[in-house]
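[1] The sequence isn't on hand, but the structure is:
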């Protein structure tokens, strides 16, 4: 069967070029006679993979000195706990922005460890926009501010980086990291589950400013202490080696494509084309405020919800899969991460237009 265009929110598409390289190297990585999944994580072969992967990530993001990079297990959801455990540093208050489903989960987890101040919330708009900088109420007593730059379920994206002064900024970038350049120095902690723009599920990338490491709350397990991973090069225990390797192939693919400036331009074209098609239609609707529309996750509803299943069935027959919206939002959702080629988005637009012609 031919490969389809997979619009899943995650695990998401991987670049075909990366999959082919992994296939070629599966049984024998660079003459070693073994698959990467069989290598000792402390052997020279895998250590060389790990070092190159980190070097490529640092180059892509222009990560400055004074930041550590970890390749961990546990998904972004483990970071919901690891961030307060490591960043409270004797404080008992943290600030959070409440902008959608994933920020709500982060808030719920943080409440296990500290008092959470909601610096801004868009719940009263049903999470259809991001707050503005002027709406942020950040007190001086908090240890850090946490936010989710892109809410994958609601399709809401911040058009700015919150200004926090001397307060460290923590960000769950699971659905945006590597989709465009960012200024890492604006952040205290950046973390991202891999399964959207980085690689397969099972790996989590964490970028931490060094001065925030080393003062976890009392009782923090060693696996949740950033210091443990800083001291061992992300190898306190056996890391997710094959996912780490595949992420490295993705980083090399991104560098061959011109880096994050190039990806940002491609991603902007994809998102603009899809939003223009939705806005030009009387049949499809996107509920998100224009200034807060996500470039990675595009939700839309049909004028007649009774046609939802027919849309999904016919789309799948046309090679366009995993378009069903999250159950909390309904409708459809097209996730168009780095690995989704422009032709995939154009094929979706053409299908949507033909579907509207037939049933609109």
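    Sure, I can see it. All values reported here derive from a predicted model rather than from experimental measurement.
[2] Show me where the protein has its strands.
    Here the chain has its strands, by DSSP state E, at 5-6, 67-72, 93-98, 115-121, 145-147, 150-151, 156-157, 169-172, 189-193, 204-209, 284-285, 297-302, 320-321, 332-335.
[3] Walk me through the domains of this protein.
    Taking automatic domain parsing as the reference, the chain has its domains at 17-256, 260-359.
[4] Which one of the ones you listed lies nearest to residue 2?
    Among the domains of the chain, the nearest to residue 2 by Cβ to Cβ is domain 260-359 (7.1 Å). No exception for glycine: its C-beta is placed from N, CA and C like everyone else's.
[5] Show me what the helix ranked longest in the chain is packed against.
    In the chain, assigned by DSSP state H, the helix with the most residues is helix 259-279. For helix 259-279, the helices and strands in contact under the criterion 3 or more Cβ pairs under 8 Å, 6 or more residues apart in numbering; DSSP states H and E are helix 44-61, strand 284-285, strand 297-302, helix 342-359.
[6] nearest to residue 262, of those?
    helix 44-61 (10.9 Å).
[7] contact partners of that closest one?
    By Cβ atoms under 8 Å, 6 or more residues apart in numbering, the residues outside helix 44-61 that reach it are 29-30, 32, 34, 36, 39-41, 63, 69, 71, 178, 181-182, 184, 205, 207, 233-234, 241, 244-245, 247-248, 251-252, 254-255, 259-260.
[8] same question for that helix, mean pLDDT?
    Averaging pLDDT along helix 44-61 gives 97.
[9] Burial check on the residue lying closest to residue 247 once chain neighbours are set aside, number of neighbours?
    Nearest non-adjacent residue to residue 247, counting by Cβ to Cβ, 6 or more residues apart in numbering: residue 199, 3.6 Å away. Residue 199 has 27 neighbours, counted by other Cβ atoms under 10 Å.
[10] Touching, residue 199 and residue 243? I think so.
    Yes - the criterion here is Cβ atoms under 8 Å, and residue 199 meets it with residue 243 at 5.7 Å.
[11] Save the domains of the chain as JSON lines, and put in distance to residue 5 too.
    Output for the domains of the chain, formatted as JSON lines (distance: least, Cβ to Cβ, whole Å):
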{"stretch": "domain 17-256", "distance to residue 5": "15"}
{"stretch": "domain 260-359", "distance to residue 5": "4"}
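[12] Would you tell me which of these gets closest to residue 8?
    Residue 8 sits nearest to domain 260-359 of all the domains of the chain, at 3.8 Å, using Cβ to Cβ.
[13] Kindly check the end-to-end length of that closest one for me.
    End-to-end distance of domain 260-359: 40 Å, with Cα to Cα, to the nearest Å as the criterion.
[14] Rounded mean pLDDT for it, please.
    96.
[15] picking up where we left off before, select only the buried ones of the contacts of helix 44-61 in PyMOL?
    The PyMOL selection below is limited to those of the contacts of helix 44-61 classed as buried (16 or more other Cβ atoms under 10 Å):
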select buried, resi 29+36+39+41+63+69+71+178+182+184+205+207+233+234+241+244+245+247+248+251+252+254+259+260
